[in-house]
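A.B. asks: 3D, please:
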Amino acid sequence: MKISVIIPVFNEEKHIQATLSALAVQDMNKESFEIIVVDNGSSDSTMLIVEEFSAVLPLQVLSLPHGNISKVRNWGAKVATGETLAFLDADCVPKTTWLREAINVRHERGIWGAHYAVPTDATWVGRLWGKYQATEQAGAVLFLPAGDMFILREDFLRIGGFNEGLDTSEDVELCQRALKQGLQVSAFPSLAVEHNGTPRALAQFYRQNRWHGKHVLRKFVANLPSLKNLPIVALSLYTLFMFWACIVLPFIAVGTSRWWLALIAPPLLLLPFVVISLIKTLRFGRLVEAPALTVLYTTYFLSRAAALTLRSGRNHR
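C.D. replies: Coordinates of the predicted model:
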């Protein structure tokens with residue numbers, strides 16, 4: 001069975017060489033797969049690096065300078081000749097067994113892959129966040145990231161591909177449609193790829209999650225009466241309200257001489273994130289990590305609160 005590996009790129013000169021090098025040493029015959037790189041208008045040396053691999057990889061290069069990530073991935077799928085589509089991000093490095101193992105565990109009908117693995121040189125931000133997320137979850141899941149996703153081409157076309165009306169969270173939405181149509185979505189940790197795009201600093205963590213949260217409220221409204229994403233939407237709205245309360249209440253306190261008003265909002269803003277962090281760290285016997293995890297959850301939901309008002313625009317991810 002032939003696999004078409006689709007890689008969208010935009011100014012990925014820092015990462016694309018490692019990704020293509022990993023594909024060049026896959027432990028399966030190169031006649032069994034093809035690499036489709038879709039350039040979204042790179043202005044750095046990304047495409048020069050890609051061309052260097054034309055002699056060692058069955059490589060096809062496409063150009064789509066205008067369009068979001070969903071359209072770029074769909075464009076690659078349109079020209080793919082493989083029975084299986086493998087979506088891989090330019091900052092993700094697979095193991096040498098990645099393609100062979102994907103074929104061994106493939107579904108007759110469904111989506112399969114894995115959540116990202118944190119790189120070995122990750123900072124505390126990536127290591128701690130990855131530790132408490134679904135990075136090692138196996139079996140049936142609600143979604144998989146499009147940077148490490150496999151699907152039969154006929155299934156991809158039948159469910160309509162990625163939603164080109166979404167700039168982000170397109171992988172979550174695709175998996176939701178697949179589940180509604182009776183397809184399975186399954187995670188296999190052995191297929192995990194090392195995600196070199198893992199945030200290394202708190203500011204990067206904030207920016208990345210602000211972008212990824214841009215369409216969460218829109219998708220929640222579109223999927224009503226389903227309340228599946230209610231907790232994250234509700235907590236994002238709560239965070240947005242309490243953030244502005246932290247700014248406004250001190251002015252009211254000065255104007256009314258009710259100084260206690262200035263002290264209410266900050267503890268209420270932090271309270272849910274302290275509780276979440278305590279529950280998670282106690283569950284794993286790592287209470288010492290609760291303060292740092294609280295910082296990450298606070299940053300995460302501040303970013304998601306900001307995403308509720310984020311306008312459309314191009315993201316360099």
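A.B. asks: Tell me where the stretch 51-200 of the chain has helices.
C.D. replies: Using DSSP state H, counting those that start in this stretch, the helices of the stretch 51-200 of the chain run over 69-79, 98-104, 124-131, 153-158, 170-180.
A.B. asks: what's the average pLDDT for the shortest one?
C.D. replies: If you average the pLDDT over helix 153-158, you get 94.
A.B. asks: With the last one instead?
C.D. replies: Per-residue pLDDT values over helix 170-180 give a mean of 92.
A.B. asks: can you list contacts of that helix?
C.D. replies: The contact list for helix 170-180, computed with C-beta atoms under 8 Å, 6 or more residues apart in numbering, reads 69-70, 73, 110-111, 142-146, 149, 151, 155, 159-163, 166, 185, 215, 219, 223. From N, CA and C alone the C-beta is placed, and that goes for glycine too.
A.B. asks: and with 6 Å instead?
C.D. replies: With contact meaning C-beta atoms under 6 Å, 6 or more residues apart in numbering, helix 170-180 is reached by Ser70, Ile111, Phe143, Pro145, Ala146, Ile159, Phe162, Asn163, Leu166, Val185.
A.B. asks: Output those in JSON lines, with distance to Ala305 and neighbour count appended to each entry.
C.D. replies: Formatted as JSON lines, the contacts of helix 170-180 follow (distance: C-beta to C-beta, whole Å; neighbours: other C-beta atoms under 10 Å):
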{"residue": "Ser70", "distance to Ala305": "24", "neighbour count": "23"}
{"residue": "Ile111", "distance to Ala305": "30", "neighbour count": "28"}
{"residue": "Phe143", "distance to Ala305": "22", "neighbour count": "20"}
{"residue": "Pro145", "distance to Ala305": "23", "neighbour count": "18"}
{"residue": "Ala146", "distance to Ala305": "25", "neighbour count": "23"}
{"residue": "Ile159", "distance to Ala305": "32", "neighbour count": "17"}
{"residue": "Phe162", "distance to Ala305": "26", "neighbour count": "23"}
{"residue": "Asn163", "distance to Ala305": "24", "neighbour count": "18"}
{"residue": "Leu166", "distance to Ala305": "20", "neighbour count": "19"}
{"residue": "Val185", "distance to Ala305": "28", "neighbour count": "22"}
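A.B. asks: excluding its backbone neighbours, what's nearest Tyr116?
C.D. replies: His195 (3.7 Å; C-beta to C-beta, 6 or more residues apart in numbering).
A.B. asks: tally of neighbours for that neighbour?
C.D. replies: Neighbour count of His195, defined by other C-beta atoms under 10 Å: 24.
A.B. asks: go on, Leu271?
C.D. replies: Leu271 - counted by other C-beta under 10 Å - has 12 other residues nearby.
A.B. asks: same question, the one 4 residues further on
C.D. replies: Val275 is surrounded by 12 other residues when neighbours are defined as other C-beta under 10 Å.
A.B. asks: Help me confirm that it is found in a strand?
C.D. replies: No: applying DSSP: H, G, I helix; E, B strand; the rest coil, one finds Val275 to be helix, outside a strand.
A.B. asks: By mean pLDDT, which helix or strand of the chain comes out lowest?
C.D. replies: Every helix and strand of the chain was ranked by mean pLDDT, DSSP states H and E. The lowest is helix 216-222, at a mean of 71.
A.B. asks: Just list what the very next helix or strand once past that one packs against, helices and strands only.
C.D. replies: Later in the chain than helix 216-222, the nearest helix or strand by DSSP states H and E is helix 230-256. The contact analysis (3 or more C-beta pairs under 6 Å, 6 or more residues apart in numbering; DSSP states H and E) places helix 230-256 against helix 261-283, helix 290-307.
A.B. asks: which of the ones you listed sits most buried?
C.D. replies: Sort the helices and strands packed on helix 230-256 by mean neighbour count, taking mean count of other C-beta atoms under 10 Å, and helix 290-307 sits at the top with a mean of 20.
A.B. asks: how about a markdown table for the contacts of helix 170-180, with distance to Leu270 added?
C.D. replies: What follows is those, written out as a markdown table (distance: C-beta to C-beta, whole Å):
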| residue | distance to Leu270 |
| --- | --- |
| Ser70 | 36 |
| Ile111 | 37 |
| Phe143 | 29 |
| Pro145 | 29 |
| Ala146 | 33 |
| Ile159 | 41 |
| Phe162 | 37 |
| Asn163 | 35 |
| Leu166 | 32 |
| Val185 | 34 |
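A.B. asks: Out of those, which sit inside strands?
C.D. replies: The members of the contacts of helix 170-180 that map onto strands under DSSP state E are Ile111, Val185.
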